[in-house]
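In: Below: sequence and its predicted model.
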Amino acid sequence: MDLRNELRKAHGLVPTWGDGNPLTDWKRAAKICADKVQDIAPHWLILVSGLDYQLDLTGVQRSPI
């Protein structure tokens, strides 16, 4: 399951990774969603993309899920 396809800036908000902002923190949102999916379907593989059309993985390296 891909939680979100092509994450990018929208509606004046720029996605972030691991800063704790509930409006922009993609790491936080992905973790919450992934936990809910795994509660229902623990055998599913969950893909979490990086920022900016999945191209920016810099936050993942320093702060993995």
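Out: Received the coordinates, thanks.

In: Next, the residue of the chain most remote from its centre: secondary structure please.
Out: The centre of the chain is farthest from one residue, H43, which by C-alpha atoms, centre = their mean lies 19.4 Å away. Put simply, H43 is coil when judged by DSSP: H, G, I helix; E, B strand; the rest coil.

In: what's the answer for K31, then?
Out: With three-state DSSP as the basis, K31 sits in helix.

In: Tell me how many other residues crowd it.
Out: Number of residues near K31 (other C-beta atoms under 10 Å) recorded here: 15. Yep, even glycine has a C-beta here, placed from its N, CA and C like the rest.

In: can you pull the contacts of the residue nearest to it when sequence neighbours are not counted?
Out: Once flanking residues are discounted, K31 sits nearest to I65: 5.5 Å by C-beta to C-beta, 6 or more residues apart in numbering. Taking C-beta atoms under 8 Å, 6 or more residues apart in numbering, we find I65 in contact with 27, 30-31, 34, 48.

In: which residues of the chain fall in strands?
Out: With DSSP state E as the criterion, the chain has no strands.
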